[in-house]
Structure formats: C-alpha cells, structure tokens
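Undergrad: kindly generate the corresponding structure for this input.
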Amino acid sequence: YFMLTKNFAKRPWSDWKTHTKFENFNNTTMNNEEGFLHVSTSFDSRKNIVMDPIFKGGNIECSFGEVVLDLRKTTLPEGKSLLNINCLFGSIVVIVPSDWNVQLLGDSAFGGFTDSRYSPSHNPNSGSSLVIQGKCLFGEVKLRD
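TA: A predicted model of the protein is given here:
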C-alpha cells in the first residue's frame, strides 16, 4: 500500500489513459488486387465482403482475433482457387454461396476446420472449386453459407 500510494497516487487519471503501453497494439492489414485477397489480423476483428467479379484466392492470417470473409457476391474462375489460412488463437469464418464446390484441407491442433453449411454441394459437373488449406492452432476455421 505504501509503495503504490507513493508512486501512483499523485498522477492524474488523464496521464494513465494517454500513456498506456498497449495503445496501438492491434495490427490489421488488407490488400485486394486482381481477385487475390490478403488479410493479416492481430488482436483485432475484421469483416470483409469481396466485391470483385472473380475471386482467385488469397491468404488469411489471424492471431488472437476474428476474420469474417463473405464471398457471396463474387464468382470462381474455372479450375481450382486456393485460399491459404493460418489461424492462431482466433476464429476465421468463410461465407460462400451454397452452390460452390469447397474442399477443406487443414491441419489443426486444439482447434478445428468445420463445414457448417446447411447443404454442402458437391457438383462434379462444375469446373470451378475453392480449396481452403492451412493450419489452425487453438482456434476455429468455419465454412458457412
């Protein structure tokens, strides 16, 4: 009690609010160029709607945060589009149209990759598909429609 009152009692509250160590601790970047998406989030939450006419793939890195990626307003090119995901103590939700072919290929430890779509579509006649691969440690990667 004596140590705290001597060192901290005479500082006004406004000094404590402006001199915090973790003031700008979150770090979020997003690039979207020619159909490729790159999202990197640390200690923050990010919600993205992809408005490009064609989604070709990208990278998502999330640590101690949440990323929601909505792909319902875009289409896939012919062939396979690759979305790389790295999730550490976070959550990534990818929302896709119900008629897309999506494959979840991921390694997880104390977390998981889950397909939470109502009716997962596996249309073999479609020439386009989205492959989601990556790693998830102590987090969750969820696919929804």
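Undergrad: so where do the strands sit in the protein?
TA: 27-33, 36-42, 45-49, 57-63, 66-70, 79-88, 91-95, 102-109, 112-115, 128-137, 140-144 (DSSP state E).
Undergrad: ok, and what's touching the fifth one?
TA: If you take C-beta atoms under 8 Å, 6 or more residues apart in numbering as the criterion, strand 66-70 is touched by 37, 39, 41, 45-50, 60, 90-95. (Glycine included, C-beta is placed from N, CA and C.)
Undergrad: let's go with 7 Å and repeat that
TA: 39, 41, 45-50, 60, 90-95 (C-beta atoms under 7 Å, 6 or more residues apart in numbering).
Undergrad: can you pull out the low-pLDDT segments for this structure?
TA: For the chain, applying pLDDT under 70 flags the ranges 1-31, 120-125.
Undergrad: find the centremost residue of it, please.
TA: residue 67 (3.0 Å; C-alpha atoms, centre = their mean).
Undergrad: list the beta-bridge partners for the residue lying closest to residue 48 once chain neighbours are set aside.
TA: Using C-beta to C-beta, 6 or more residues apart in numbering and skipping the chain neighbours, the partner closest in space to residue 48 is residue 69 (5.3 Å). For residue 69, the beta-bridge partners are residue 48, residue 94 (DSSP bridges).
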